[in-house]
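Visitor: Mind folding the following:
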Amino acid sequence: MPVSKCLKKSESLWKGWDWKAQKNGLRRQVYAVNGDYYVGEWKDNVKHGKGTQVWKKNGAIYEGDWKFGKRDGYGTLSLPDQQTGKCRRVYSGWWKGDKKSGYGIQFFGPKEYYEGEWCGSQRSGWGRMYYSNGDIYEGQWENDKPNGEGMLRLKNGNRYEGCWERGMKNGVGRFFHLDHGQLFEGFWVDNMAKCGTMIDFGRDEAPEPTQFPIPEVGSPHQGPVATPRDRSQHPQPCPAQTCQASPAQTGNRQGFVFSQGIPSKRGGS
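Guide: So this is what the prediction gives:
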């Protein structure tokens with residue numbers, strides 16, 4: 001009985017070439033049309049795993065983790081220095097969805113950098129910022145600006161502790177004038193002190209104390225004190241805008257009145 005054989009249907013050549021072109025596992029170097037190239041691991045034709053990406057246009061280099069074609073995990077981003085021509089690290093930390101997310105360190109210059117939490121490539125959460133002029137801010141951030149509780153320590157040793165909003169002093173806070181031996185406690189609006197009290201604080205240890213100490217309350221040098229009748233004619237300010245020192249911070253006190261954020265003494269010599 002004759003035997004008939006069916007010829008095997010041949011597949012198109014492009015299918016074989018496409019299968020060979022699929023990128024999975026470790027690849028040495030894969031170039032893009034614009035000159036960018038990537039060395040590392042792939043999965044289903046996208047960057048996935050450990051790898052290094054080099055961008056030709058600006059010379060940026062990323063080394064770290066990838067997930068489905070995006071930077072995700074821990075990685076380091078470097079940029080070429082315009083003066084030396086060598087690559088310098090600008091960010092080391094965690095990424096998510098191709099954006100800085102989690103804890104990381106960002107270098108803005110040789111002496112200016114931030115270490116703390118990120119969200120969507122913006123400083124958000126707790127962090128510490130070292131400025132090039134020697135100032136240091138430590139506290140809460142939101143939308144790339146100080147927001148919440150934080151402390152700003154100036155280069156000369158003076159510092160502010162209190163509330164921040166949109167990168168400015170807003171709310172209750174304390175400013176330590178350690179160079180003059182004084183402490184101001186009060187309420188701030190957009191970096192401007194609106195009301196509060198000033199006391200002597202560490203005056204004996206201050207390098208440049210004021211010429212005269214602040215008179216004690218009830219002393220002969222305090223000046224006239226309002227009587228109950230006078231107080232009834234002049235209503236007291238809103239409690240939300242008045243600030244007093246804590247009991248542990250005792251010392252000489254002197255009332256102050258502010259005009260456009262500039263303190264002027266009220267009463268006394």
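
Visitor: What count of nearby residues applies to residue 58?
Guide: A total of 8 residues lie near residue 58 under the criterion other C-beta atoms under 10 Å. From N, CA and C alone the C-beta is placed, and that goes for glycine too.

Visitor: With the one 4 residues further on instead?
Guide: When counting by other C-beta under 10 Å, one arrives at 20 neighbours for residue 62.

Visitor: Same check on residue 84?
Guide: When neighbours are counted by other C-beta under 10 Å, residue 84 registers 8.

Visitor: Would you mind giving me the confidence score for it?
Guide: Note for residue 84: predicted pLDDT of 81.

Visitor: So, low pLDDT: which residues of the stretch 51-200 of the chain?
Guide: Along the stretch 51-200 of the chain, the model assigns pLDDT under 70 to no residue.

Visitor: all strands for it, in order.
Guide: Taking DSSP state E, counting those that start in this stretch as the criterion, the stretch 51-200 of the chain carries its strands at 61-67, 70-80, 87-96, 99-109, 112-119, 122-130, 136-142, 145-153, 159-165, 168-177, 182-189, 192-200.

Visitor: ok, residue 67 - contacts?
Guide: Residue 67 makes contacts with 48, 73, as judged by C-beta atoms under 8 Å, 6 or more residues apart in numbering.

Visitor: shouldn't residue 108 be in contact with residue 114?
Guide: Yes. At 7.3 Å, residue 108 and residue 114 qualify as touching, with contact defined as C-beta atoms under 8 Å.

Visitor: what about the two, which has more around it?
Guide: Taking neighbours as other C-beta under 10 Å, residue 108 and residue 114 compare with residue 114 leading, 21 against 13.

Visitor: For the more buried one, give the beta-bridge partners.
Guide: Beta-bridge partners for residue 114, by DSSP bridges, are residue 106, residue 129.

Visitor: just residue 195 next, same as before
Guide: Residues in beta-bridge contact with residue 195 (DSSP bridges): residue 187.

Visitor: I'd like the distance between it and residue 67.
Guide: According to C-beta to C-beta, to the nearest Å, residue 195 stands 52 Å off from residue 67.

Visitor: next one: residue 127
Guide: As judged by C-beta to C-beta, residue 127 and residue 67 stand 25 Å apart.

Visitor: Over to residue 89?
Guide: Distance, residue 89 to residue 67, using C-beta to C-beta: 22 Å.

Visitor: ok, now residue 153?
Guide: Distance, residue 153 to residue 67, by C-beta to C-beta: 39 Å.

Visitor: And for residue 128?
Guide: Applying C-beta to C-beta, the value for residue 128 to residue 67 is 29 Å.

Visitor: now residue 184
Guide: Distance, residue 184 to residue 67, by C-beta to C-beta: 50 Å.

Visitor: Residue 163 too?
Guide: From residue 163 to residue 67 the distance is 38 Å (C-beta to C-beta).

Visitor: How about residue 84?
Guide: For residue 84, the distance to residue 67 equals 33 Å [C-beta to C-beta].

Visitor: swap in residue 23?
Guide: Here the criterion is C-beta to C-beta. By it, residue 23 lies 15 Å from residue 67.

Visitor: can you check residue 38 too?
Guide: 14 Å.

Visitor: And for residue 142?
Guide: From residue 142 over to residue 67 the distance is 27 Å, taken as C-beta to C-beta.

Visitor: cool, and residue 77?
Guide: Distance, residue 77 to residue 67, by C-beta to C-beta: 16 Å.

Visitor: same question, residue 167
Guide: Distance, residue 167 to residue 67, using C-beta to C-beta: 33 Å.

Visitor: then stretch 200-219 to PDB, C-alphas only?
Guide: What follows is stretch 200-219, C-alpha atoms only, in PDB (Å, rounded to 0.1, in the frame of the first residue of the first chain):
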ATOM      1  CA  ASP A 200      17.900  86.500  78.500                       C
ATOM      2  CA  PHE A 201      19.100  83.000  77.800                       C
ATOM      3  CA  GLY A 202      22.700  82.000  78.500                       C
ATOM      4  CA  ARG A 203      23.800  85.600  78.600                       C
ATOM      5  CA  ASP A 204      26.900  84.900  80.600                       C
ATOM      6  CA  GLU A 205      28.200  82.400  78.000                       C
ATOM      7  CA  ALA A 206      27.300  84.500  74.900                       C
ATOM      8  CA  PRO A 207      30.200  85.700  72.800                       C
ATOM      9  CA  GLU A 208      28.500  89.000  72.100                       C
ATOM     10  CA  PRO A 209      25.900  89.700  74.800                       C
ATOM     11  CA  THR A 210      23.700  92.800  74.500                       C
ATOM     12  CA  GLN A 211      24.800  95.900  76.300                       C
ATOM     13  CA  PHE A 212      22.000  95.800  78.900                       C
ATOM     14  CA  PRO A 213      20.200  92.800  80.300                       C
ATOM     15  CA  ILE A 214      16.400  92.600  79.900                       C
ATOM     16  CA  PRO A 215      14.800  94.000  83.100                       C
ATOM     17  CA  GLU A 216      13.000  91.600  85.400                       C
ATOM     18  CA  VAL A 217       9.200  91.800  85.600                       C
ATOM     19  CA  GLY A 218       8.200  94.100  88.400                       C
ATOM     20  CA  SER A 219      11.600  95.800  88.600                       C
END
